[in-house]
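>>> mind folding the following:
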Amino acid sequence: YGVKGLAAYVHHAAALGYEDPSLYAFMGEALRATTEDRSAEDLTALVLRCGEMGVRGMALLDKANTETYGHPEPTQVSIAPRDRPGILISGHDLHDLSQLLEQTKGTGVDVYTHGEMLPANSYPAFKAYDHFVGNYGGAWWKQKEEFESFNGPIVLTTNCLVPPRDSYRPRLYTT
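As a prediction, this is how the structure comes out:
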């Protein structure tokens, strides 16, 4: 699971042009270790190293996000849906959000964050989009109820998806 999280950080940073080859090397080493007979001490050391690599991966992603979109700043976020068509975006991938905002600019379609995407509202680059209008719903684990009640397409940018209900499955997209 640690490598899975690290891979997500590395992927999101790479989408913005930021890479650290040592993180790729560690992921390969860690995955290879799962096929080997190792002692508890070796595995414990590997897990601790995975934590260190995770911190390095998060630092890389933070650098990628802040150098690309600006430093997050305290922001009041609307939680009231507007009376226009909208798209709900969830997950962690700010590059995907940036692409969605560009593609919907000038179309009359509002964009709302959900769950883990909420902090995106605090990045200066995204505040330039007048159709980026707030947050809908709460935590990722409330998807079934909140996705059911959202009246529009839903885009998930990471693997934070609970088994969807048939009622909103046709409106659910992943990147």
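>>> secondary structure element holding the closest residue to residue 129 other than its chain neighbours?
The shortest distance from residue 129 to any non-neighbouring residue, by CB to CB, 6 or more residues apart in numbering, is to residue 101 (4.7 Å). For glycine as for every other residue, the C-beta is placed from the backbone atoms N, C-alpha and C. Element membership of residue 101 [criterion: DSSP states H and E] is helix 94-104.
>>> residue nearest the middle of the chain, spatially speaking?
residue 92 (0.8 Å; CA atoms, centre = their mean).
>>> Three-state assignment for that one, please.
Look at residue 92: counting by DSSP: H, G, I helix; E, B strand; the rest coil, its state is coil.
>>> how close does it get to residue 12?
When CB to CB, to the nearest Å is applied, the distance between residue 92 and residue 12 equals 6 Å.
>>> now do residue 141
When CB to CB is the yardstick, residue 141 and residue 12 sit 21 Å from each other.
>>> repeat that for residue 49.
Distance, residue 49 to residue 12, by CB to CB: 21 Å.
>>> more neighbours, the two?
Counted by other CB atoms under 10 Å, residue 49 and residue 12 do not tie: residue 12 has more neighbours, with 23 against 14.
>>> do a quick rundown of the strands in the protein.
Assignment of strands within the chain using DSSP state E yields the ranges 86-90, 110-114, 132-135, 154-156, 172-174.
>>> the top helix by length along the chain: how far from the chain's middle?
Ranked by residue count, the top helix of the chain under DSSP state H comes out as helix 40-69. Centre-to-centre, helix 40-69 and its host chain are 16 Å apart (CA atoms, centre = their mean, to the nearest Å).
>>> now it: average pLDDT?
Helix 40-69 shows an average pLDDT of 97 in the prediction.
>>> name the helices or strands packed onto it?
The helices and strands touching helix 40-69, judged by 3 or more CB pairs under 8 Å, 6 or more residues apart in numbering; DSSP states H and E, are helix 2-15, helix 21-33, helix 94-104, helix 124-127.
>>> I'd like those helices laid out as JSON lines, including distance to residue 79 and mean pLDDT.
JSON lines is the format used below for the helices and strands packed on helix 40-69 (distance: least, CB to CB, whole Å; pLDDT from 0 to 100):
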{"stretch": "helix 2-15", "distance to residue 79": "25", "mean pLDDT": "94"}
{"stretch": "helix 21-33", "distance to residue 79": "36", "mean pLDDT": "97"}
{"stretch": "helix 94-104", "distance to residue 79": "18", "mean pLDDT": "97"}
{"stretch": "helix 124-127", "distance to residue 79": "17", "mean pLDDT": "98"}
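>>> can you tell which of those helices is closest to residue 158?
Taking CB to CB as the measure, the helices and strands packed on helix 40-69 were each checked against residue 158, and helix 2-15 came out nearest at 6.2 Å.
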